[in-house]
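**Q** just coords:
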């Protein structure tokens, strides 16, 4: 007898929001230890945009589109959050996020370089 785990929007959301919480707590710790740092956080598109410096592995958006549709206005806020810091928009996105988010990615010319799975392996797309 084997047990299988079925990924649905609820479970995907729980996983994504757990990861977002770790990123937010890391950013808050950085801000507390160095109040002059450029760390920034913003709730947007149902998730969190986190900035912990250029090229930081924590600098990314997490949990987007898991609470329903994402509007163009919310996506504008996401872009502004990163572009105002001279950073590209980087987002770890659940494949179960709302289709509106993927439509906005296409409209705005964002490309998918890779999807990072929970085991840390990267799948590359051509």
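**A** Yep, that arrived. Just so it is clear, the structure is predicted and the values come from calculations on it, not from any experiment.

**Q** List of residues touching the longest helix along the chain?
**A** The helix of greatest length in the chain, counted in residues with DSSP state H as the criterion, is given as helix 9-33. Contact partners of helix 9-33, identified using C-beta atoms under 8 Å, 6 or more residues apart in numbering, comprise 5, 37, 39-41, 47-48, 50-52, 58, 60, 62-63, 66-67, 92, 94-97, 118. Quick note: C-beta positions are derived from backbone N, CA and C, even for glycine.

**Q** do the same with stretch 67-80
**A** Contacts of stretch 67-80 from elsewhere in the structure, counted by C-beta under 8 Å, 6+ apart, are 13, 42, 44-46, 49, 61, 64, 89, 91, 98, 100-101, 104, 108.

**Q** one more time with 6 Å
**A** Where contact means C-beta atoms under 6 Å, 6 or more residues apart in numbering, the residues beyond stretch 67-80 that reach it are 44, 45, 46, 49, 89, 98, 100, 101, 104.
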